[in-house]
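*Asks:* Next input, structure requested:
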Amino acid sequence: MAATPDDHPGVSYVMPVLNEADYIEAAVASIVAQQYPGEWELVLAVGPSTDGTDAVVARIMAQDARIRTVQNPGMDIPIGLNRAIEASRHPIIVRVDAHTQLADGYTARGVADLARTGAASLGGIMYATGRPGFQAAVARAYNSRFGLGGGAYHGDHAVEGPAESAYMGIMRADVLREVGGFDETLRRGEDWELNFRLRQAGHLVWLDPLLRVTYWPRNTWRKLARQFVATGIWRGELVRRLGGRNPLRFFAPPVLVINVVLAFVAIPLHATGLLHDWWGWVLALVYVPPVLYLGLLAVAAIRQGGGLLDWLRFALATATMHLSWGVGFLIGVTRGARDAVDRSRTES
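*Replies:* Presented below is the predicted three-dimensional model:
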């Protein structure tokens with residue numbers, strides 16, 4: 001039987017772009033290489049980059065008329081995504097980040113999944129990779145179940161089925177517009193919040209672990225810390241808005257941060273003998289979680305393989321992710337996100 005347009009509906013890829021000169025060509029190349037049999041276009045929401053990204057984008061556009069741009073002067077990802085979606089022409093929206101590369105066959109399988117499951121939004125697995133050194137250590141931390149707390153779309157333990165959220169997202173344009181698109185008052189966590197609203201509206205969100213996306217994480221300690229503080233702040237903001245409708249795993253990093261602070265407060269009190277009676281011994285229990293955490297961190301690092309330097313880099317990256325996210329969460333949940341911005345993409 002011959003294929004019909006309904007078998008291969010048109011696809012609009014949408015991609016926010018800011019200071020991605022080192023990565024965007026590979027991201028776009030992975031889209032062009034999809035060999036999707038239906039019509040497709042790529043709409044880039046371009047922010048005011050300072051690293052030569054604009055010249056790279058101009059060169060890419062000159063090579064393929066299916067690639068267009070919209071401007072995103074405020075640099076906010078949800079606004080850029082909504083502008084790209086508004087300018088798109090096809091019934092399927094595929095979000096792609098400039099720091100990612102789609103696996104071969106990603107689009108065709110995702111579109112088929114939408115038809116097979118009836119989902120409004122679906123995604124697959126993020127597989128982080130990095131250049132040798134600190135970025136590779138961050139990638140190992142991302143891929144480790146210990147590193148990102150067992151989120152369904154990290155690592156190889158995921159199973160296909162209904163999901164809480166979808167990484168990046170392959171979505172039905174009509175349903176996306178029905179719920180109002182991405183929340184433009186958010187600067188992080190926009191994917192999770194969108195999928196939350198989709199589920200609240202009765203739509204299905206789906207995970208297919210055979211959908212693979214390569215992700216290039218931040219490549220310096222400073223950028224990683226800034227990214228995770230900002231992400232934690234906006235997760236705290238979402239807790240303020242949605243209350244207990246957030247997964248319990250999101251509360252582990254802030255609890256760890258509080259426990260570490262209490263342990264540092266208790267150390268001099270014990271050392272000077274100010275805590276010497278029974279309640280001093282009770283307070284000594286605050287040392288248990290940090291010591292246990294260090295033990296688990298050491299085990300996770302050694303299980304990654306490599307030598308001592310690899311272990312230390314992995315431990316540094318993982319602890320930075322956990323503690324930075326926890327600090328950010330406490331800031332966000334106590335005072336709100338306000339104007340917090342992830343500046344890890346704008347710094348040199």
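
*Asks:* Arg95 against Pro78, yeah?
*Replies:* No. Here Arg95 does not reach Pro78: they are 11.1 Å apart, not a contact under CB atoms under 8 Å. (C-beta placed from N, C-alpha, C; glycine too.)

*Asks:* Have a look at these two and say which one is more surrounded.
*Replies:* Arg95 (26 against 22; other CB atoms under 10 Å).

*Asks:* Pull up the gap between the residue nearest the centre of the chain and Ala225, please.
*Replies:* In the chain, the centroid-proximal residue (CA atoms, centre = their mean) is Tyr167; its distance is 7.2 Å. Distance, Tyr167 to Ala225, by CB to CB, to the nearest Å: 22 Å.

*Asks:* which residues in the stretch 201-348 of the chain form helices?
*Replies:* Residue ranges of the helices in the stretch 201-348 of the chain, as given by DSSP state H, counting those that start in this stretch, are 221-242, 252-271, 278-283, 288-303, 308-335.

*Asks:* Give me the below-cutoff pLDDT ranges for this structure.
*Replies:* Applying pLDDT under 70 to the chain flags residues 1-6, 149-156, 244, 270-271, 273-283, 345-348.

*Asks:* ok, 50 please
*Replies:* Judged by pLDDT under 50, the chain has its weakly predicted residues at 1-4.

*Asks:* hey, where'd the strands end up in it?
*Replies:* 11-17, 40-46, 67-71, 92-95, 100-102, 121-128, 161-162, 170-172, 205-215 (DSSP state E).

*Asks:* Thr272 is nearest to which of these?
*Replies:* Among the strands of the chain, the nearest to Thr272 by CB to CB is strand 121-128 (44.8 Å).

*Asks:* among the helices of the stretch 201-348 of the chain, which is nearest Ala21?
*Replies:* The nearest among the helices of the stretch 201-348 of the chain, by CB to CB, is helix 221-242 at 15.2 Å.

*Asks:* CA-only coordinates of the closest one, as CSV, when you get a sec.
*Replies:* Output of helix 221-242 as CSV, limited to C-alpha atoms (Å, rounded to 0.1, in the frame of the first residue of the first chain):
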residue,chain,number,x,y,z
TRP,A,221,32.8,24.2,36.6
ARG,A,222,31.6,27.8,36.7
LYS,A,223,29.1,27.3,33.9
LEU,A,224,27.9,24.1,35.4
ALA,A,225,27.3,25.7,38.8
ARG,A,226,25.5,28.7,37.3
GLN,A,227,23.3,26.4,35.2
PHE,A,228,22.2,24.3,38.2
VAL,A,229,21.7,27.2,40.5
ALA,A,230,19.3,28.7,38.0
THR,A,231,17.6,25.4,37.3
GLY,A,232,17.1,24.9,41.1
ILE,A,233,15.7,28.4,41.5
TRP,A,234,13.1,27.8,38.9
ARG,A,235,12.2,24.4,40.3
GLY,A,236,11.7,26.1,43.6
GLU,A,237,9.4,28.6,41.8
LEU,A,238,7.4,25.8,40.4
VAL,A,239,7.0,24.3,43.8
ARG,A,240,5.7,27.6,45.0
ARG,A,241,3.2,27.6,42.1
LEU,A,242,2.2,23.9,42.1
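
*Asks:* Just want the angle from that helix to helix 308-335.
*Replies:* 30 degrees (axes from the mean of the first three to the mean of the last three CA atoms, to 10 degrees).

*Asks:* who touches helix 221-242?
*Replies:* Helix 221-242 is contacted by residues 134, 138, 186-189, 192-193, 196, 217-218, 246, 250, 253-254, 316-317, 320-321, 324-334, 336-337, 340-344, 347 when judged by CB atoms under 8 Å, 6 or more residues apart in numbering.

*Asks:* ok and that helix relative to helix 252-271, angle-wise?
*Replies:* Using the same axes, to 10 degrees, helix 221-242 lies at 110 degrees relative to helix 252-271.
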